[in-house]
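Q: sharing a model prediction with you, sequence too.
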Amino acid sequence: KAGVTQTPRYLIKTRGQQVTLSCSPISGHRSVSWYQQTPGQGLQFLFEYFSETQRNKGNFPGRFSGRQFSNSRSEMNVSTLELGDSALYLCASSLAIALAGYNEQFFGPGTRLTVL
Amino acid sequence: KQEVTQIPAALSVPEGENLVLNCSFTDSAIYNLQWFRQDPGKGLTSLLLIQSSQREQTSGRLNASLDKSSGRSTLYIAASQPGDSATYLCAVSVYTGNQFYFGTGTSLTVIP
């Protein structure tokens, strides 16, 4: 079974630009979550989508947005990029809601975003 | 807000040693706890998931325990190998969604 895939793997952008990252979950998984990882803050939750609906949202500004398509693929968008947005963006998929044992998270390889 | 702490931040051991990594969390009302490893520049690899009703899980040389009442989990690695060198992260979910709170990780180096 194929794992979680993320594209692109690397991105270089300049301040003020916008960027779109893509995530394809494991087949059959309906939940997709996004995380930002930086050396200073560690892994921080951005948002989660389940059946095309945003179900949870972390404490990030409105410049960070996402969506999920009917095939469970998800995209996240960051507008008006800032230097501090440089990070590894990780996508995770899981089978269903947090019924005991059914929300094991499987992560993709990440997208390394550098903002100059 | 859930706070997750991992101690120690870094650990260096000779090959063959057994070792324990610690994870503590402030809100005991968790749904699940999951341990991951992360190799430099890579994504996270799931190691073990412990359901809130369980006390431990085992996979090969790995054993994870969970004590919800004290807000603690440990990851035991038996007979460590150089290939175990990585950063180990624990994460807890607290709601009926999939929002996980992560610790800052323990960087493990196993010396041949």
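A: Noted; the coordinates are in hand.

Q: I figured B:Gln6 hits B:Leu21, correct?
A: Yes - in this structure, B:Gln6 sits in contact with B:Leu21. The criterion is Cβ atoms under 8 Å, and the distance is 7.0 Å. Heads up, the C-betas are built off the backbone N, CA and C, glycines and all.

Q: what is in contact with the two at once?
A: In the contact map built from Cβ atoms under 8 Å, 6 or more residues apart in numbering or on different chains, the residues linked to both B:Gln6 and B:Leu21 are B:Tyr88, B:Cys90, B:Thr106.

Q: now the residues you listed as a markdown table including secondary structure?
A: Formatted as a markdown table, these follow (DSSP: H, G, I helix; E, B strand; the rest coil):
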| residue | secondary structure |
| --- | --- |
| B:Tyr88 | strand |
| B:Cys90 | strand |
| B:Thr106 | strand |
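
Q: switch those residues over to TSV; also include neighbour count and distance to chain A.
A: As requested, the shared contacts of B:Gln6 and B:Leu21 are exported to TSV (neighbours: other Cβ atoms under 10 Å in any protein chain shown; distance: Cβ to the nearest Cβ, whole Å):
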residue	neighbour count	distance to chain A
B:Tyr88	22	13
B:Cys90	30	11
B:Thr106	21	12
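
Q: residue contacts, the closest residue to B:Ile7 other than its chain neighbours?
A: Distances taken as Cβ to Cβ, 6 or more residues apart in numbering or on different chains put B:Asn22 closest to B:Ile7, at 4.9 Å, once the chain neighbours are dropped. Remark: with contacts taken as Cβ under 8 Å, 6+ apart, B:Asn22 is in contact with B:Gln6, B:Ile7, B:Pro8, B:Arg72, B:Ser73, B:Thr74, B:Thr106.

Q: A:Ser22 and B:Val110, how far apart?
A: From A:Ser22 across to B:Val110, the span is 36 Å (Cβ to Cβ, to the nearest Å).

Q: which of those two has more neighbours?
A: B:Val110 (20 against 15; other Cβ atoms under 10 Å in any protein chain shown).
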